[in-house]
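Enquirer: Test case, fold it:
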Amino acid sequence: MFTVSPSSNSTSPNLLCPTRLHFLSTGSTFFRSLQVASHRRDFRARLSSESLPPLPEHRIVLGCGLVLVDFLAAVDSYPKPDDKIRSTSSKVQGGGNAGNALTCAARLGLNPRLISKVANDGQGKSILDELESDGVDTSFIVVSKGGNSPFTYIIVDSETKTRTCIHSPGDPPMTASELSQSSLSRALDGASIVYFDGRLHETALVVAQEAARKNIPILVDAERKREGLGDLLKFATYAICSAKFPQAWTEAPSIPSAVVSMLLRLPNLKFVIVTLGDDGCIMLERNIDGSSDSEEMDVESLLELLKQRKDESAVLPLCISSLVTKLTAKGIGAVSGRLFVGTAEKISPSELVDTTGAGDAFIGACLYAICAGMPPEKMLPFASQVAALGCRALGARSGLPHRTDPRLASVF
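Expert: Got it, this is the predicted structure:
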(Lines give C-alpha, C1' and ligand atoms only; values in the text may rest on other atoms or scores of the structure.)
Protein backbone atom coordinates (compact mmCIF):
# COMPACT_ATOMS: atom_id res chain seq x y z
CA MET A 1 0.00 0.00 0.00
CA PHE A 2 1.13 3.52 -0.64
CA THR A 3 1.89 5.11 2.73
CA VAL A 4 2.93 8.44 4.19
CA SER A 5 5.99 8.61 6.42
CA PRO A 6 5.29 10.02 9.91
CA SER A 7 7.29 12.86 11.41
CA SER A 8 7.97 13.56 15.07
CA ASN A 9 8.90 17.25 14.99
CA SER A 10 6.64 19.98 16.33
CA THR A 11 4.78 22.38 14.06
CA SER A 12 5.49 26.07 13.57
CA PRO A 13 2.19 27.79 12.67
CA ASN A 14 3.77 31.07 11.60
CA LEU A 15 5.58 29.34 8.71
CA LEU A 16 2.78 27.09 7.47
CA CYS A 17 -0.27 27.62 5.33
CA PRO A 18 -3.45 25.61 5.98
CA THR A 19 -3.46 22.14 4.53
CA ARG A 20 -5.45 21.90 1.33
CA LEU A 21 -7.20 18.62 0.68
CA HIS A 22 -8.28 17.64 -2.79
CA PHE A 23 -10.95 14.99 -2.61
CA LEU A 24 -12.19 12.79 -5.42
CA SER A 25 -15.30 10.77 -5.91
CA THR A 26 -14.97 7.57 -3.91
CA GLY A 27 -17.10 5.20 -5.94
CA SER A 28 -20.74 4.50 -6.53
CA THR A 29 -23.48 3.38 -4.18
CA PHE A 30 -24.71 -0.22 -4.30
CA PHE A 31 -27.76 -0.50 -6.53
CA ARG A 32 -30.32 -3.26 -6.74
CA SER A 33 -30.00 -3.73 -10.47
CA LEU A 34 -27.16 -3.51 -12.95
CA GLN A 35 -29.36 -1.39 -15.22
CA VAL A 36 -29.75 1.33 -12.59
CA ALA A 37 -26.04 1.16 -11.73
CA SER A 38 -25.10 1.61 -15.37
CA HIS A 39 -27.46 4.57 -15.70
CA ARG A 40 -25.98 6.23 -12.64
CA ARG A 41 -22.41 5.72 -13.88
CA ASP A 42 -23.25 7.14 -17.29
CA PHE A 43 -24.93 10.14 -15.68
CA ARG A 44 -21.97 10.75 -13.39
CA ALA A 45 -19.55 10.61 -16.34
CA ARG A 46 -21.67 13.11 -18.29
CA LEU A 47 -21.93 15.34 -15.26
CA SER A 48 -18.16 15.35 -14.76
CA SER A 49 -17.62 16.25 -18.43
CA GLU A 50 -20.10 19.11 -18.29
CA SER A 51 -18.60 20.49 -15.07
CA LEU A 52 -15.00 20.49 -16.31
CA PRO A 53 -13.27 23.85 -16.67
CA PRO A 54 -12.47 25.00 -20.22
CA LEU A 55 -9.33 23.64 -21.82
CA PRO A 56 -6.20 25.79 -21.46
CA GLU A 57 -6.08 28.51 -24.10
CA HIS A 58 -2.45 27.67 -24.91
CA ARG A 59 -2.23 23.90 -24.99
CA ILE A 60 0.38 22.99 -27.60
CA VAL A 61 3.30 21.21 -25.94
CA LEU A 62 6.44 19.99 -27.70
CA GLY A 63 8.31 16.98 -26.37
CA CYS A 64 11.72 15.60 -27.29
CA GLY A 65 12.81 12.17 -26.15
CA LEU A 66 12.35 8.43 -26.17
CA VAL A 67 9.59 6.33 -27.72
CA LEU A 68 9.67 2.55 -27.90
CA VAL A 69 7.70 -0.67 -27.54
CA ASP A 70 7.22 -2.25 -24.10
CA PHE A 71 6.92 -6.04 -23.80
CA LEU A 72 5.37 -6.53 -20.36
CA ALA A 73 4.99 -9.74 -18.38
CA ALA A 74 3.46 -9.89 -14.91
CA VAL A 75 4.67 -12.73 -12.68
CA ASP A 76 3.74 -13.92 -9.19
CA SER A 77 7.32 -13.29 -8.04
CA TYR A 78 10.61 -12.44 -9.70
CA PRO A 79 12.35 -15.57 -11.05
CA LYS A 80 15.50 -17.01 -9.51
CA PRO A 81 18.49 -17.76 -11.76
CA ASP A 82 17.77 -20.60 -14.19
CA ASP A 83 14.06 -20.63 -13.26
CA LYS A 84 11.29 -21.29 -15.76
CA ILE A 85 8.05 -19.57 -14.77
CA ARG A 86 4.74 -18.55 -16.34
CA SER A 87 3.41 -15.03 -16.65
CA THR A 88 0.07 -14.22 -15.06
CA SER A 89 -0.67 -11.59 -17.71
CA SER A 90 1.16 -9.90 -20.56
CA LYS A 91 0.87 -6.88 -22.81
CA VAL A 92 2.64 -5.24 -25.73
CA GLN A 93 2.22 -1.46 -25.93
CA GLY A 94 4.02 1.79 -26.62
CA GLY A 95 6.43 3.13 -24.02
CA GLY A 96 9.36 5.49 -23.50
CA ASN A 97 9.39 8.44 -21.11
CA ALA A 98 8.50 11.11 -23.66
CA GLY A 99 5.92 8.92 -25.39
CA ASN A 100 4.21 8.09 -22.10
CA ALA A 101 4.22 11.64 -20.72
CA LEU A 102 2.81 13.11 -23.94
CA THR A 103 0.16 10.38 -24.19
CA CYS A 104 -0.93 11.37 -20.68
CA ALA A 105 -0.96 15.06 -21.64
CA ALA A 106 -3.01 14.33 -24.77
CA ARG A 107 -5.63 12.38 -22.83
CA LEU A 108 -5.94 15.30 -20.41
CA GLY A 109 -6.63 17.70 -23.27
CA LEU A 110 -3.32 19.11 -24.50
CA ASN A 111 -2.08 19.02 -28.10
CA PRO A 112 1.35 17.37 -27.94
CA ARG A 113 4.00 17.17 -30.65
CA LEU A 114 6.94 14.81 -30.39
CA ILE A 115 10.51 14.86 -31.72
CA SER A 116 12.05 11.38 -31.65
CA LYS A 117 13.24 8.57 -33.93
CA VAL A 118 12.06 5.08 -34.86
CA ALA A 119 12.96 2.65 -37.62
CA ASN A 120 10.81 1.69 -40.57
CA ASP A 121 9.95 -1.68 -39.03
CA GLY A 122 6.87 -3.27 -37.50
CA GLN A 123 7.64 -1.93 -34.05
CA GLY A 124 8.20 1.56 -35.38
CA LYS A 125 4.84 1.49 -37.15
CA SER A 126 3.05 0.33 -34.00
CA ILE A 127 4.74 3.10 -31.98
CA LEU A 128 3.54 5.76 -34.40
CA ASP A 129 0.03 4.31 -34.75
CA GLU A 130 -0.51 4.18 -31.00
CA LEU A 131 0.70 7.73 -30.42
CA GLU A 132 -1.46 9.06 -33.24
CA SER A 133 -4.53 7.24 -31.90
CA ASP A 134 -4.07 9.13 -28.62
CA GLY A 135 -3.74 12.49 -30.36
CA VAL A 136 0.04 12.96 -30.32
CA ASP A 137 1.42 14.68 -33.43
CA THR A 138 4.11 12.33 -34.80
CA SER A 139 4.99 14.35 -37.91
CA PHE A 140 8.30 15.43 -36.35
CA ILE A 141 9.46 11.87 -35.58
CA VAL A 142 12.32 10.74 -37.82
CA VAL A 143 11.80 7.32 -39.46
CA SER A 144 15.03 5.63 -40.56
CA LYS A 145 14.95 3.29 -43.55
CA GLY A 146 17.08 0.66 -41.83
CA GLY A 147 17.99 -0.38 -38.32
CA ASN A 148 15.60 -1.23 -35.51
CA SER A 149 13.20 0.65 -33.25
CA PRO A 150 13.95 0.68 -29.50
CA PHE A 151 12.14 -1.73 -27.19
CA THR A 152 12.11 -2.77 -23.52
CA TYR A 153 11.30 -6.02 -21.75
CA ILE A 154 9.54 -5.34 -18.45
CA ILE A 155 9.00 -7.93 -15.70
CA VAL A 156 6.30 -6.84 -13.24
CA ASP A 157 6.63 -8.58 -9.86
CA SER A 158 3.17 -8.89 -8.31
CA GLU A 159 4.63 -9.91 -4.94
CA THR A 160 6.90 -6.91 -4.35
CA LYS A 161 4.96 -4.47 -6.60
CA THR A 162 8.16 -3.65 -8.49
CA ARG A 163 9.20 -3.80 -12.13
CA THR A 164 12.49 -4.65 -13.81
CA CYS A 165 13.30 -3.11 -17.21
CA ILE A 166 15.71 -4.50 -19.83
CA HIS A 167 16.18 -1.89 -22.54
CA SER A 168 17.43 -2.34 -26.11
CA PRO A 169 18.26 1.02 -27.75
CA GLY A 170 17.18 1.85 -31.26
CA ASP A 171 19.73 1.84 -34.06
CA PRO A 172 20.97 4.03 -35.64
CA PRO A 173 20.60 6.67 -32.89
CA MET A 174 19.16 10.08 -33.67
CA THR A 175 21.55 12.91 -34.51
CA ALA A 176 20.87 16.63 -34.39
CA SER A 177 21.40 16.93 -38.15
CA GLU A 178 18.27 14.84 -38.75
CA LEU A 179 16.11 17.68 -37.44
CA SER A 180 16.08 20.45 -40.02
CA GLN A 181 15.77 24.09 -39.03
CA SER A 182 12.44 24.33 -40.84
CA SER A 183 11.07 21.29 -38.97
CA LEU A 184 12.29 22.72 -35.68
CA SER A 185 10.62 26.05 -36.38
CA ARG A 186 7.34 24.33 -37.22
CA ALA A 187 7.55 22.13 -34.14
CA LEU A 188 8.04 25.15 -31.86
CA ASP A 189 5.39 27.29 -33.57
CA GLY A 190 2.64 28.02 -31.03
CA ALA A 191 4.16 25.81 -28.31
CA SER A 192 3.44 26.96 -24.77
CA ILE A 193 6.06 24.69 -23.20
CA VAL A 194 8.82 22.31 -24.32
CA TYR A 195 9.53 19.07 -22.44
CA PHE A 196 12.68 16.93 -22.49
CA ASP A 197 13.08 13.47 -20.96
CA GLY A 198 16.89 13.79 -20.90
CA ARG A 199 17.58 11.52 -23.88
CA LEU A 200 18.68 12.34 -27.46
CA HIS A 201 20.96 14.90 -25.82
CA GLU A 202 22.46 16.40 -29.00
CA THR A 203 19.06 16.99 -30.57
CA ALA A 204 17.58 18.09 -27.24
CA LEU A 205 20.22 20.77 -26.78
CA VAL A 206 19.53 22.22 -30.24
CA VAL A 207 15.78 22.30 -29.49
CA ALA A 208 16.36 23.83 -26.04
CA GLN A 209 18.57 26.60 -27.41
CA GLU A 210 15.94 27.57 -29.97
CA ALA A 211 13.11 27.35 -27.42
CA ALA A 212 15.07 29.60 -25.04
CA ARG A 213 15.68 32.08 -27.86
CA LYS A 214 11.92 32.21 -28.39
CA ASN A 215 11.30 32.54 -24.61
CA ILE A 216 9.31 29.30 -24.48
CA PRO A 217 9.33 27.69 -20.98
CA ILE A 218 11.22 24.39 -20.68
CA LEU A 219 10.54 21.42 -18.42
CA VAL A 220 13.29 18.82 -17.96
CA ASP A 221 12.81 15.32 -16.58
CA ALA A 222 15.96 14.59 -14.56
CA GLU A 223 15.59 10.88 -13.91
CA ARG A 224 19.29 10.08 -13.65
CA LYS A 225 22.65 11.52 -14.64
CA ARG A 226 22.91 11.27 -18.43
CA GLU A 227 25.26 12.64 -21.05
CA GLY A 228 24.42 16.27 -21.78
CA LEU A 229 21.77 16.58 -19.05
CA GLY A 230 23.72 19.23 -17.14
CA ASP A 231 23.86 21.43 -20.24
CA LEU A 232 20.15 20.90 -20.83
CA LEU A 233 19.26 21.85 -17.26
CA LYS A 234 20.85 25.27 -17.76
CA PHE A 235 17.89 26.09 -20.02
CA ALA A 236 15.24 24.61 -17.71
CA THR A 237 12.37 26.66 -16.34
CA TYR A 238 11.06 23.66 -14.41
CA ALA A 239 12.75 20.40 -13.34
CA ILE A 240 11.10 17.20 -12.15
CA CYS A 241 13.58 14.75 -10.65
CA SER A 242 13.66 11.19 -9.42
CA ALA A 243 14.49 10.65 -5.75
CA LYS A 244 18.15 9.86 -6.46
CA PHE A 245 19.01 12.55 -8.99
CA PRO A 246 19.32 15.77 -6.90
CA GLN A 247 21.96 14.38 -4.55
CA ALA A 248 23.79 12.53 -7.32
CA TRP A 249 24.01 15.71 -9.41
CA THR A 250 24.77 18.25 -6.65
CA GLU A 251 26.61 15.97 -4.19
CA ALA A 252 24.56 17.57 -1.40
CA PRO A 253 24.05 15.51 1.78
CA SER A 254 20.23 15.35 1.56
CA ILE A 255 17.35 15.89 -0.84
CA PRO A 256 16.21 19.20 0.79
CA SER A 257 19.71 20.68 0.63
CA ALA A 258 20.11 19.35 -2.92
CA VAL A 259 17.02 21.20 -4.21
CA VAL A 260 18.34 24.42 -2.65
CA SER A 261 21.62 23.77 -4.46
CA MET A 262 19.78 23.21 -7.76
CA LEU A 263 18.00 26.56 -7.54
CA LEU A 264 21.30 28.27 -6.75
CA ARG A 265 23.12 26.57 -9.63
CA LEU A 266 20.33 27.04 -12.16
CA PRO A 267 19.17 30.69 -12.13
CA ASN A 268 16.49 30.12 -14.79
CA LEU A 269 14.77 27.45 -12.70
CA LYS A 270 11.39 28.49 -11.22
CA PHE A 271 10.74 25.25 -9.37
CA VAL A 272 12.13 21.79 -8.82
CA ILE A 273 10.01 18.77 -7.87
CA VAL A 274 11.44 15.53 -6.48
CA THR A 275 9.15 12.50 -6.82
CA LEU A 276 9.43 9.97 -3.99
CA GLY A 277 7.18 7.11 -5.07
CA ASP A 278 4.76 6.10 -2.34
CA ASP A 279 6.14 8.90 -0.15
CA GLY A 280 4.72 11.51 -2.54
CA CYS A 281 6.95 14.42 -3.55
CA ILE A 282 8.56 17.63 -2.40
CA MET A 283 8.76 20.87 -4.35
CA LEU A 284 10.79 24.04 -3.93
CA GLU A 285 9.46 27.11 -5.76
CA ARG A 286 11.67 30.16 -6.15
CA ASN A 287 10.31 33.47 -4.86
CA ILE A 288 10.48 35.84 -7.82
CA ASP A 289 8.81 38.97 -6.40
CA GLY A 290 12.11 40.27 -5.02
CA SER A 291 11.02 40.60 -1.37
CA SER A 292 13.80 40.01 1.15
CA ASP A 293 11.97 40.35 4.47
CA SER A 294 10.92 36.69 4.75
CA GLU A 295 11.87 34.67 7.81
CA GLU A 296 15.02 32.55 7.59
CA MET A 297 14.95 28.81 8.34
CA ASP A 298 16.96 25.69 7.71
CA VAL A 299 15.38 23.76 4.82
CA GLU A 300 15.69 20.41 6.64
CA SER A 301 13.82 21.74 9.67
CA LEU A 302 11.07 23.29 7.58
CA LEU A 303 10.56 20.05 5.66
CA GLU A 304 10.07 18.16 8.93
CA LEU A 305 7.52 20.74 10.07
CA LEU A 306 5.57 20.33 6.85
CA LYS A 307 5.65 16.55 7.11
CA GLN A 308 4.11 16.74 10.55
CA ARG A 309 1.13 18.52 9.05
CA LYS A 310 0.22 15.46 7.00
CA ASP A 311 -3.15 13.92 7.63
CA GLU A 312 -2.22 10.26 8.04
CA SER A 313 -5.86 9.20 7.64
CA ALA A 314 -6.19 10.80 4.20
CA VAL A 315 -6.37 8.31 1.34
CA LEU A 316 -6.26 10.79 -1.54
CA PRO A 317 -3.37 13.14 -2.35
CA LEU A 318 -2.99 16.45 -0.54
CA CYS A 319 -0.52 19.31 -0.51
CA ILE A 320 1.03 21.16 2.43
CA SER A 321 2.89 24.41 1.82
CA SER A 322 5.04 26.90 3.68
CA LEU A 323 4.96 30.65 3.42
CA VAL A 324 7.75 32.40 1.51
CA THR A 325 10.86 31.68 3.54
CA LYS A 326 14.58 32.27 3.21
CA LEU A 327 15.66 28.63 3.09
CA THR A 328 19.22 27.85 4.12
CA ALA A 329 21.27 24.71 3.53
CA LYS A 330 24.47 24.32 5.54
CA GLY A 331 27.57 24.71 3.42
CA ILE A 332 25.52 25.41 0.30
CA GLY A 333 23.73 28.75 0.59
CA ALA A 334 20.25 30.21 0.83
CA VAL A 335 17.33 30.81 -1.51
CA SER A 336 14.00 32.56 -0.97
CA GLY A 337 10.97 30.49 -1.83
CA ARG A 338 8.15 28.21 -0.77
CA LEU A 339 8.51 24.55 0.14
CA PHE A 340 5.72 22.06 -0.58
CA VAL A 341 5.06 18.48 0.49
CA GLY A 342 2.73 16.44 -1.68
CA THR A 343 1.40 13.06 -0.60
CA ALA A 344 0.60 10.04 -2.76
CA GLU A 345 -2.69 8.22 -2.89
CA LYS A 346 -2.90 5.19 -0.62
CA ILE A 347 -3.67 2.39 -3.06
CA SER A 348 -4.72 -0.97 -1.65
CA PRO A 349 -2.53 -3.93 -2.69
CA SER A 350 -5.46 -5.45 -4.55
CA GLU A 351 -5.70 -2.36 -6.79
CA LEU A 352 -1.99 -1.70 -7.29
CA VAL A 353 -1.02 -3.52 -10.49
CA ASP A 354 2.06 -1.89 -12.04
CA THR A 355 4.09 1.27 -11.35
CA THR A 356 5.65 1.33 -14.83
CA GLY A 357 5.46 4.90 -16.17
CA ALA A 358 4.09 6.44 -12.97
CA GLY A 359 6.71 9.19 -13.12
CA ASP A 360 5.88 9.85 -16.76
CA ALA A 361 2.19 10.19 -15.90
CA PHE A 362 3.10 12.64 -13.12
CA ILE A 363 5.07 14.74 -15.63
CA GLY A 364 2.27 14.60 -18.21
CA ALA A 365 -0.17 15.90 -15.60
CA CYS A 366 2.28 18.66 -14.59
CA LEU A 367 2.51 19.74 -18.22
CA TYR A 368 -1.26 20.11 -18.25
CA ALA A 369 -1.23 21.91 -14.89
CA ILE A 370 1.38 24.43 -16.07
CA CYS A 371 -0.57 25.14 -19.26
CA ALA A 372 -3.75 25.54 -17.20
CA GLY A 373 -2.08 27.89 -14.70
CA MET A 374 -2.71 25.65 -11.68
CA PRO A 375 -1.01 26.76 -8.46
CA PRO A 376 1.31 24.20 -6.81
CA GLU A 377 -1.30 23.44 -4.13
CA LYS A 378 -3.55 22.11 -6.88
CA MET A 379 -0.93 20.81 -9.32
CA LEU A 380 0.77 18.36 -6.96
CA PRO A 381 -2.40 16.48 -5.85
CA PHE A 382 -3.65 16.53 -9.45
CA ALA A 383 -0.44 15.02 -10.81
CA SER A 384 -0.28 12.48 -8.00
CA GLN A 385 -3.85 11.39 -8.66
CA VAL A 386 -3.22 10.96 -12.39
CA ALA A 387 -0.11 8.88 -11.64
CA ALA A 388 -2.01 6.74 -9.14
CA LEU A 389 -4.76 5.97 -11.63
CA GLY A 390 -2.12 4.78 -14.07
CA CYS A 391 -0.82 2.26 -11.52
CA ARG A 392 -4.10 0.34 -11.59
CA ALA A 393 -3.41 -1.42 -14.92
CA LEU A 394 -0.55 -3.29 -16.56
CA GLY A 395 1.76 -1.04 -18.56
CA ALA A 396 2.55 2.65 -18.60
CA ARG A 397 -0.45 3.72 -20.69
CA SER A 398 -3.29 1.25 -20.05
CA GLY A 399 -4.56 3.06 -16.95
CA LEU A 400 -3.85 6.66 -17.97
CA PRO A 401 -7.10 8.59 -17.45
CA HIS A 402 -8.86 10.74 -20.01
CA ARG A 403 -9.98 14.26 -19.22
CA THR A 404 -13.58 13.15 -18.75
CA ASP A 405 -12.73 10.42 -16.23
CA PRO A 406 -15.10 11.06 -13.29
CA ARG A 407 -12.32 10.18 -10.84
CA LEU A 408 -10.57 13.41 -11.89
CA ALA A 409 -13.63 15.66 -11.75
CA SER A 410 -12.88 17.35 -8.44
CA VAL A 411 -9.12 17.81 -8.95
CA PHE A 412 -9.44 19.64 -12.25
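Enquirer: Burial check on Leu68, number of neighbours?
Expert: When neighbours are counted by other Cβ atoms under 10 Å, Leu68 registers 25. No exception for glycine: its C-beta is placed from N, CA and C like everyone else's.
Enquirer: Next: the one 4 residues further on.
Expert: Taking other Cβ under 10 Å as the criterion, the count of residues near Leu72 is 24.
Enquirer: what's in contact with whichever strand or helix holds it?
Expert: Assessed by DSSP states H and E, Leu72 sits inside strand 68-75. Strand 68-75 has contacts (Cβ atoms under 8 Å, 6 or more residues apart in numbering) with 85-96, 99, 123, 126-127, 149-158, 167, 170, 353-354, 356, 394-396.
Enquirer: chain center to that strand, what's the gap?
Expert: Put simply, strand 68-75 sits 20 Å off its chain's centre (Cα atoms, centre = their mean, to the nearest Å).
Enquirer: Buried residues of the following helix or strand past that strand, list them for me.
Expert: Sequence-wise, the next helix or strand downstream of strand 68-75 (DSSP H and E) is strand 89-95. Buried residues in strand 89-95, counted by 16 or more other Cβ atoms under 10 Å: Lys91, Gln93, Gly94, Gly95.
Enquirer: closest to Ala372 among those?
Expert: Gly94 (25.2 Å; Cβ to Cβ).
Enquirer: Would you confirm that the closest one contacts Leu66?
Expert: No: Gly94 lies out of contact with Leu66 (Cβ atoms under 8 Å); the separation is 10.9 Å.
Enquirer: Neighbours of Ala369, how many?
Expert: Counted with other Cβ under 10 Å, Ala369 comes out at 22.
Enquirer: measure it to Gly342 for me?
Expert: 12 Å (Cβ to Cβ, to the nearest Å).
Enquirer: Overlap of the contact sets of those two?
Expert: Contacts common to Ala369 and Gly342, judged by Cβ under 8 Å, 6+ apart, are Ala383.
Enquirer: those helices in this protein, which residues are they?
Expert: In the chain, the helices defined using DSSP state H lie at 34-50, 97-108, 122-133, 181-188, 201-213, 229-233, 245-250, 255-265, 299-308, 358-372, 376-390.
Enquirer: Packed most tightly, which of those would that be?
Expert: Of all the helices of the chain, helix 97-108 carries the top mean neighbour count, a mean of 29, counting by mean count of other Cβ atoms under 10 Å.
Enquirer: distance between that helix and the chain's centre?
Expert: That offset, for helix 97-108, works out to 9 Å (Cα atoms, centre = their mean).
Enquirer: Residue for residue, what is the longest strand the chain has?
Expert: Across the chain, the strand with the greatest residue count (assigned by DSSP state E) is strand 333-342.
Enquirer: Report all helices and strands that that strand contacts.
Expert: helix 255-265, strand 281-286, helix 299-308, strand 318-321, strand 325-329, helix 376-390 (3 or more Cβ pairs under 8 Å, 6 or more residues apart in numbering; DSSP states H and E).
Enquirer: strands paired with the fourth one, and their directions?
Expert: What it means is strand 318-321. Strand 318-321 has its sheet partners listed here by DSSP bridges as strand 20-21 (antiparallel), strand 333-342 (antiparallel).
Enquirer: Columns mean neighbour count, mean pLDDT and distance to Gln308 on top of those strands, output as TSV?
Expert: Formatted as TSV, these follow (neighbours: other Cβ atoms under 10 Å; pLDDT from 0 to 100; distance: least, Cβ to Cβ, whole Å):
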stretch	mean neighbour count	mean pLDDT	distance to Gln308
strand 20-21	14	36	16
strand 333-342	22	97	10
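Enquirer: Tell me which of the ones you listed lies nearest to Val142.
Expert: Using Cβ to Cβ, these put strand 333-342 closest to Val142, at 36.5 Å.
Enquirer: now the closest one and helix 255-265, what's the angle there?
Expert: Interaxial angle, strand 333-342 versus helix 255-265 (axes from the mean of the first three to the mean of the last three Cα atoms, to 10 degrees): 130 degrees.
Enquirer: Not counting its neighbours along the chain, what's nearest the spatially most central residue of the chain?
Expert: By Cα atoms, centre = their mean, the chain has its centre lying nearest to Ile363, at 2.1 Å. With sequence-adjacent residues excluded and distances taken as Cβ to Cβ, 6 or more residues apart in numbering, Ile363 is closest to Ala101, at 4.5 Å.
Enquirer: Tell me where the chain is predicted with low confidence.
Expert: Counting by pLDDT under 70, the chain has low-confidence residues at 1-50, 290-293.
Enquirer: cutoff 90 now
Expert: 1-53, 288-295, 312, 409-412 (pLDDT under 90).
Enquirer: and the gap between the closest residue in space to Gly94 that isn't next to it in sequence and Val335?
Expert: Using Cβ to Cβ, 6+ apart and skipping residues adjacent in sequence, the residue nearest Gly94 is Glu130, 4.2 Å away. Glu130 sits 42 Å away from Val335, going by Cβ to Cβ.
Enquirer: roughly how far out does the longest strand of the chain sit from the chain middle?
Expert: For strand 333-342 - counting by Cα atoms, centre = their mean - the centre lies 20 Å from the chain centre.
Enquirer: ok so, going back, for my notes, please list the strands paired with strand 318-321 in TSV and give distance to Ser185 for each entry.
Expert: Formatted as TSV, the strands paired with strand 318-321 follow (distance: least, Cβ to Cβ, whole Å):
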stretch	distance to Ser185
strand 20-21	41
strand 333-342	35
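Enquirer: dump the residue contacts of the residue nearest to Leu66 when sequence neighbours are not counted.
Expert: Closest residue to Leu66 apart from its sequence neighbours, by Cβ to Cβ, 6+ apart: Gly96 at 3.8 Å. When contacts are counted by Cβ under 8 Å, 6+ apart, Gly96 touches Gly65, Leu66, Val67, Leu68, Ser116, Pro150, Asp197.
Enquirer: Give me the distance between the two termini of stretch 115-135.
Expert: Here the two ends of stretch 115-135 are set 15 Å apart, with distance taken as Cα to Cα, to the nearest Å.
Enquirer: swap in stretch 112-124?
Expert: By Cα to Cα, one end of stretch 112-124 lies 19 Å from the other end.
Enquirer: Report the buried residues of that stretch.
Expert: Pro112, Arg113, Leu114, Ile115, Ser116, Lys117, Val118, Ala119, Asp121, Gln123, Gly124.
Enquirer: returning to that earlier point: from the contacts of Gly96, keep the buried residues only.
Expert: Of the contacts of Gly96, these count as buried by 16+ other Cβ under 10 Å: Gly65, Leu66, Val67, Leu68, Ser116, Pro150, Asp197.
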